[in-house]
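Novice: Quick one, fold the following:
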Amino acid sequence: MKKVLCALLALALLGSAALAEEISLKVWGSQEDQELLAELCEAFAAEHPENEWTFTYGVVGEADAKTRYLEDPAAAADVFSYPDDQIIDLVNADALYEVTRDLDAIVAANTPGSIQAASVNGVLYGYPMTADNGYFLYYDKSVLTEEDVQTLDGILAAANAAGKQVQMDISNGWYLASFFLGNGCTLGLDEDGRQVCDFNSPAGLAAAEAVRAFCNDPAFTPGDDSFLMGAIGDSVCAGVSGTWCAEAISEKLGENYGACKLPTFTVDGEQVQMGSFLGCKILGVNTQTAHPVEAMMLAEYLTSEEAQVRRFEVRGYGPSNIAAASSEAVAADPALSALAAQSAYAISQQVLAGFWTPAEALGAEFEAHSTADLQGLLDQFVAQATEG
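Specialist: As a prediction, this is how the structure comes out:
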């Protein structure tokens, strides 16, 4: 009887193996991500023994994803990562499957900014993988308290009292926009892919008045990342930048190293939270894949909470997944923790090239303490930023 049962079990196992479908998927990632990518794909295969999985890995980083895809869509990867600023062109090329499996769960699991970055006209076309290309406030704890850094007024008051400066690159539209976005202005693309910008609205005018007041404060100083990294801890007590400055600023400040979300600023006597841009890496599924369901399963796994924590541990990437961003490992990193806090007030960078030069000129007016009519400056800026 025992031999019969064993024989039947063996037949059942053979039958199960015969039913397993062979699934071959090509996955693209950067050279630096190859080892981690293989680790995560093999873990995915182990969790799904119902299929026989074969993975082929291609060395194509996010920056090159669009170009390589458009060269030969049929030969492109089934699953590939790309930066959020490529999504419009990829969607227009019919390159990306709309996310349909577990849509509500994916939206709920990730920050609103990263979901927006992976969407076009309200349709989700990718799986957010990181949310770490953004900015926040660095500060010197020997000068500023946790209470001071909550408001721009508090920061400036403490800086002036200590004879220190507060840096922000206002002539860079990436940073300048934070005041306008925070006060409810719109910056994005319409359904035809044209730039939408209402920085000359009443809300925009109020934001511009706050920018002018900030730049006219004795403690304000302009300057880029190089200036901030060199001056913080000396003449500068606080500045705005991203995670790429974290190592240098941490080494400079030592035990006085602080990082937090951007502060609020005053508009008509009320405190308004500064907004920001948030850049994300996104995982997409090729519309020409032979296995769309399985490719979606893999993409979802590679951007899951566990995968994003592992990606942080190995590569230092900031998670878009809300639970991963609040994990003990990520929370222990001051810069990423600050970025995660700011991400609640961030939007994706769906901005056309025509925005940046007029924004630089507008910011330069503020930095030069221009007394020109603000409404006129804003009307001119919006006309230039949205032309064409």
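
Novice: Would you mind confirming that Gln34 is in contact with Tyr57?
Specialist: Yes: using C-beta atoms under 8 Å, Gln34 is in contact with Tyr57, at 6.0 Å. Every C-beta, even on glycine, is put in place using the N, C-alpha and C of the backbone.

Novice: more crowded one of these two?
Specialist: Ranked by neighbour count (other C-beta atoms under 10 Å), Gln34 and Tyr57 place Tyr57 first, with 17 against 14.

Novice: Who does that one form a beta bridge with?
Specialist: Val27 (DSSP bridges).

Novice: ok, it - contacts?
Specialist: 26-29, 34, 37-38 (C-beta atoms under 8 Å, 6 or more residues apart in numbering).

Novice: now with 10 Å?
Specialist: 25-29, 33-35, 37-38, 41, 77 (C-beta atoms under 10 Å, 6 or more residues apart in numbering).

Novice: Find residues that contact each of Gln34 and Tyr57.
Specialist: Contacts common to Gln34 and Tyr57, judged by C-beta under 10 Å, 6+ apart, are Val27.

Novice: Can you tell me which of the contacts of Tyr57 is nearest Glu209?
Specialist: Of all the contacts of Tyr57, Glu209 sits closest to Asp33, with 45.1 Å by C-beta to C-beta.

Novice: Around Ala108, how many other residues sit close by?
Specialist: Ala108: 10 neighbours (other C-beta under 10 Å).

Novice: again, but for Val240
Specialist: Per other C-beta under 10 Å, the neighbour tally for Val240 reads 24.

Novice: Helix, strand, or coil at it?
Specialist: strand (DSSP: H, G, I helix; E, B strand; the rest coil).

Novice: circling back to that earlier point, is it possible to get JSON lines of the contacts of Tyr57 that adds secondary structure?
Specialist: Output for these, formatted as JSON lines (three-state DSSP):
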{"residue": "Leu25", "secondary structure": "strand"}
{"residue": "Lys26", "secondary structure": "strand"}
{"residue": "Val27", "secondary structure": "strand"}
{"residue": "Trp28", "secondary structure": "strand"}
{"residue": "Gly29", "secondary structure": "strand"}
{"residue": "Asp33", "secondary structure": "helix"}
{"residue": "Gln34", "secondary structure": "helix"}
{"residue": "Glu35", "secondary structure": "helix"}
{"residue": "Leu37", "secondary structure": "helix"}
{"residue": "Ala38", "secondary structure": "helix"}
{"residue": "Cys41", "secondary structure": "helix"}
{"residue": "Ala77", "secondary structure": "coil"}
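
Novice: Give me the buried entries from the residues you listed.
Specialist: The neighbour count (16 or more other C-beta atoms under 10 Å) marks 25-29, 33, 37, 41, 77 as buried among the contacts of Tyr57.

Novice: Now the two most distant members of the residues you listed.
Specialist: Leu25 and Asp33 (15.9 Å).

Novice: residues touching the closest residue to Asp140 other than its chain neighbours, list them.
Specialist: Leaving out its chain neighbours, the residue that sits closest to Asp140 by C-beta to C-beta, 6 or more residues apart in numbering is Cys237, at 4.4 Å. Cys237 makes contact with 138-144, 148-149, 155, 158-159, 162-167, 219, 231, 253, 256, 258 under the criterion C-beta under 10 Å, 6+ apart.

Novice: hmm, 7 Å instead?
Specialist: By C-beta atoms under 7 Å, 6 or more residues apart in numbering, the contact set of Cys237 is 139-140, 143-144, 159, 162, 164, 166.

Novice: which of those lies closest to Gly279?
Specialist: Gly279 lies nearest to Tyr139 out of those, by C-beta to C-beta, at 22.6 Å.

Novice: how about the strands in the stretch 1-150 of the chain?
Specialist: 21-29, 51-59, 79-83, 119-120, 123-124, 127-128, 133-134, 136-140 (DSSP state E, counting those that start in this stretch).

Novice: if we can go back for a sec, specify the local secondary structure of the residue nearest to Asp140.
Specialist: Three-state call for Cys237 (three-state DSSP): strand.

Novice: Could you list the low-pLDDT ranges of the chain?
Specialist: The chain contains residues with pLDDT under 70 at 1-19, 388.

Novice: switch the cut-off to 80
Specialist: Residue ranges of the chain with pLDDT under 80: 1-20, 350, 388.

Novice: Settle this for me: Ala206 is touching Thr266, isn't it.
Specialist: No: assessed by C-beta atoms under 7 Å, Ala206 is found out of contact with Thr266, at 9.9 Å.

Novice: where's Glu39 relative to Arg311, distance?
Specialist: According to C-beta to C-beta, to the nearest Å, Glu39 and Arg311 sit 10 Å apart.

Novice: gap between Thr289 and Val60?
Specialist: 15 Å.

Novice: Contact partners for Ala207?
Specialist: 179-180, 183, 185, 267.

Novice: Just the ones in strands from these, please.
Specialist: Val267 (DSSP state E).

Novice: Any chance of JSON lines for the contacts of Ala207, columns distance to Asp373 and neighbour count?
Specialist: Formatted as JSON lines, the contacts of Ala207 follow (distance: C-beta to C-beta, whole Å; neighbours: other C-beta atoms under 10 Å):
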{"residue": "Phe179", "distance to Asp373": "18", "neighbour count": "28"}
{"residue": "Phe180", "distance to Asp373": "17", "neighbour count": "29"}
{"residue": "Asn183", "distance to Asp373": "19", "neighbour count": "25"}
{"residue": "Cys185", "distance to Asp373": "19", "neighbour count": "22"}
{"residue": "Val267", "distance to Asp373": "19", "neighbour count": "17"}
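
Novice: wait, which of the contacts of Ala207 is closest to Pro83?
Specialist: Distance to Pro83, by C-beta to C-beta, is smallest for Phe180 among these, at 23.2 Å.

Novice: I'd say the closest one and Phe199 touch.
Specialist: Yes: taking contacts as C-beta under 7 Å, Phe180 lies within contact range of Phe199: 4.9 Å.
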